[in-house]
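*Asks:* Predicted model and sequence below, questions to follow.
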Amino acid sequence: MKLFSALILCFAFVSNLFSQNIYVCTSYTEKGEPISASPRITIYPQQLNNFYILCGNLKPFDRDETLFLFIDKIEKNSRTAFDSKVITAEKSETWIACSYSFNESGKYEIYLANNNNKKLASTVITVWESTKSDFESVFAKSFYYADTQITFCKNVFLGKPVEPFTVRSISADGNSFCVFIEGNKPLNTKLLILQVWRRKSNPVEYDEYITTKKYLITKDWKYTFFNFKLEKAGDYKFILFNEREILIKSAYITITE
C-alpha cells in the first residue's frame, strides 16, 4: 500500500513537472497556443531568423512577476550559458511569450525560472542551418513581395487608399480604419495571415502580442483591404505573411489618446 501511494505521488509530481511547456514556434494565437512549433528549427544565412519562445500552462501568478529565460548550448557532454532574457509575467496570466532570433546551429536547452531560481519549464531544441540552395529558394519567394505595400487609411475608393496615415487618434471614426495591401503583381496567395504586436515594456521590441487574423483572398488579386480596430493607444507593428508563412511586409502605426 505504501508502495502504491508512493507511485501515485511520484506520478503526480512528474505530471505537474511536465504540465508546463516551452515551445519554439513561428507564431501563436491570442490564447497562447503555439503555431508551427517544432523541436527542430531551420535558420537561413544572412536572415533575422526570428521565432517566438512560448511558455504555456503556467500556474496563474498572484501578482506581476519578473521571470528569467535562459538558453544553454549543449555540446557533447558539456553545456555553456548562451543567452538570457528578462520577461515580465502579468498577474493571473498562464502563458508568456517573447521573440528570439537564433543565428547559430546546435542543440539548446531553453528553460524558464523565477526569482528563486526555481525552474518552471524547459525544453531541448535542435537548430539546423540551411544550405545555400535552400536559402536562395526562400529568399526568392520572399523577394517576390519586395514591392508590396501596406497602407493605413480612412477608407478605400476605386482601388486607392483615402487619407492615408501612420498616426491616428483612438477616438477617430470609432478607431476603425482600413488596412490596404497592394503589390505591383498578383499577391499569389489564397490566404493572408496578419500578426499584430504592440510595444509595451521594451522600448526597442514590439513585445505584446495582440492578435492574429486570417483573410481569404483570390491569388490573382493585386490589392485587397479590410477593416481593423485597435482598442488601446500605443505603437503597433503589423506583420503580413502569405499562406506558406513567408513574410510579405511589415508596417507600423501609432494610436494616440
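*Replies:* Yep, that arrived.
*Asks:* what sits against the residue positioned nearest the centre of the chain?
*Replies:* For the chain, the residue nearest the mean C-alpha position is Ser27 (4.1 Å; CA atoms, centre = their mean). Applying CB atoms under 8 Å, 6 or more residues apart in numbering to Ser27 gives the contacts 34-36, 52, 193, 195, 212, 245. The C-beta positions use only the backbone N, C-alpha and C, and glycine is treated the same way.
*Asks:* Show me which of the residues you listed are buried.
*Replies:* Buried members of the contacts of Ser27, counted by 16 or more other CB atoms under 10 Å: 34-35, 52, 193, 195, 212.
*Asks:* Quick check: which ranges of the stretch 151-257 of the chain have low pLDDT?
*Replies:* 204 (pLDDT under 70).
*Asks:* try it again with 80
*Replies:* The model of the stretch 151-257 of the chain has pLDDT under 80 over residues 173-175, 201-205, 244-245.
*Asks:* the strands in it, which residues?
*Replies:* With strands called from DSSP state E, counting those that start in this stretch, the stretch 151-257 of the chain shows them at 160-165, 167-169, 176-182, 191-198, 208-216, 223-229, 234-241, 247-256.
*Asks:* of these, which approaches Val86 most closely?
*Replies:* Comparison of these against Val86 by CB to CB identifies strand 208-216 as nearest, at 15.2 Å.
*Asks:* Let's see the closest one as PDB, backbone CA atoms only.
*Replies:* Below are the C-alpha coordinates for strand 208-216, written out as PDB (Å, rounded to 0.1, in the frame of the first residue of the first chain):
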ATOM      1  CA  GLU A 208       3.000  42.400 -26.500                       C
ATOM      2  CA  TYR A 209       1.100  40.100 -28.800                       C
ATOM      3  CA  ILE A 210      -2.300  41.400 -29.800                       C
ATOM      4  CA  THR A 211      -3.900  39.100 -32.300                       C
ATOM      5  CA  THR A 212      -3.600  37.000 -35.500                       C
ATOM      6  CA  LYS A 213      -6.100  37.400 -38.300                       C
ATOM      7  CA  LYS A 214      -6.500  35.300 -41.400                       C
ATOM      8  CA  TYR A 215      -8.100  36.600 -44.600                       C
ATOM      9  CA  LEU A 216      -9.200  34.600 -47.600                       C
END
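*Asks:* Provide a list of residues in contact with the nearest residue to Glu90 once chain neighbours are set aside.
*Replies:* Leaving aside its chain neighbours, Glu90 sits nearest to Asp64 (5.6 Å; criterion: CB to CB, 6 or more residues apart in numbering). By CB under 8 Å, 6+ apart, the contact list for Asp64 reads 88-91.
*Asks:* What subset of those residues is buried?
*Replies:* Applying 16+ other CB under 10 Å to the contacts of Asp64 flags Ala89 as buried.
*Asks:* Can you redo the contacts of Asp64 as JSON lines, where the extra columns are pLDDT?
*Replies:* Compiled in JSON lines, those are given as follows (pLDDT from 0 to 100):
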{"residue": "Thr88", "pLDDT": "86"}
{"residue": "Ala89", "pLDDT": "84"}
{"residue": "Glu90", "pLDDT": "83"}
{"residue": "Lys91", "pLDDT": "81"}
